[in-house]
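below is the sequence, then the predicted model.
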Amino acid sequence: MVFLDPRIDIAFKKLFGDITHKNVTISFLNHILERKEGNKIVDLVINDPNNIPETLDAKSSIVDVRCTDQAGFQYIVEMQVSSQKDYGTRALYYSSLAFARQLSKGEKYEKLMPVIFIGILDFALFKNKNYISHHAILDTEIFECEIGRLEFHFIELAKFHKTFEESLTIIDQWIWSLKNAGTAQKVPALLQDPALKDAFEILEQGNWSKVELEAYDRKLDEERSRISQLETAEDKGQARGEQKKALEIAAKLLDVLDVATIAKKTGLTFDQVEELKKHGE
């Protein structure tokens, strides 16, 4: 079996942004948010149908998946692959926009419903070692959440190092699958959540149309190109830093060694040292 990587935009949206298998999204949210009986999401509506990857050239939305549950609570679910140091601020910004735009002119604040942000990150964002964290607005004296209209939940895949055999909870099995499904050879036999089994079926390559696979391959190629560009930029930056250091050392040796010897010791060319000597005269 070949499974597509849920970290890639199109696969992620097909997995969580398609109303035809909303049971997967509902189960994922209930487990990640640790909802108990009586407080579980039992139904939801996908707010933005453009999130469903139906066309080859579908324009990406600002956020990956937005949905609303039976109580009117709004959920923003994002997959972020590239590292962003200000991602927490971005999460706050988009959640605040979603919260504020609920009201039309003249409507009362009491109509505002909670907005819950879930960010799945392929990098480490926070300094602590926890791979899943929950954030809310708390009273700093009593540590109670009395303004409970905004919540933030982050899954940092880079901090998750468990094997599937070590993933004993349903939450851990979800996180393992999000990180490793793209390289899995088969559906793990001990999956505890039926919706997670459905998730693997959705990600199985054989269940995708030719158009969807072409769109997926292009997104995958874009991601690989982006990573390659970043690595190239890092290599160039490192090379510039090494050359700058070599020039600094060479400048200090000009008064005690000849040009050829300095070039040999620093790795610079003869012409580079000569040019440096001219500017120093």
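Received the coordinates, thanks. Numbers count the residues shown, from 1 in each chain.

for the stretch 101-250 of the chain, just list every one of the strands.
In the stretch 101-250 of the chain, the strands defined using DSSP state E, counting those that start in this stretch lie at 115-121, 132-136, 150-156.

what does the first one contact?
Counting by Cβ atoms under 8 Å, 6 or more residues apart in numbering, strand 115-121 makes contact with 7, 29, 32-33, 73-80, 87, 91, 94-95, 98-99, 149-158, 178, all of which sit outside it. Where C-beta positions appear, they are placed from N, C-alpha and C, glycine not excepted.

what sits against Y109?
Contacts of Y109 by Cβ under 8 Å, 6+ apart are L103.

go on, the one 4 residues further on?
When the contact criterion is Cβ under 8 Å, 6+ apart, the partners of M113 are A71, G72, F73, Q74, Q102, R149.

what's the closest of these to A189?
Nearest to A189 among the contacts of M113 is F73, at 34.5 Å by Cβ to Cβ.

burial of the closest residue to G88 other than its chain neighbours, as a residue count?
Among residues not flanking G88 along the chain, L125 sits closest, at 6.4 Å (Cβ to Cβ, 6 or more residues apart in numbering). Using other Cβ atoms under 10 Å, L125 is surrounded by 20 other residues.

let me know the pLDDT of L125.
Each residue has a pLDDT score; the one for L125 is 93.

does it touch Y87 like I think?
Yes: contact criterion Cβ atoms under 8 Å: L125 and Y87 qualify, at 5.7 Å.

before we move on, back to that, who's in contact with the residue nearest to G88?
L125 makes contact with K85, Y87, G88, F154, E156 under the criterion Cβ under 8 Å, 6+ apart.

any idea how many residues pack against the first one?
K85: 8 surrounding residues under other Cβ under 10 Å.

ditto for the fourth one
By the other Cβ under 10 Å criterion, the neighbourhood of F154 contains 22 residues.

could you check how far it is from E223?
To E223, F154 is 21 Å away according to Cβ to Cβ, to the nearest Å.
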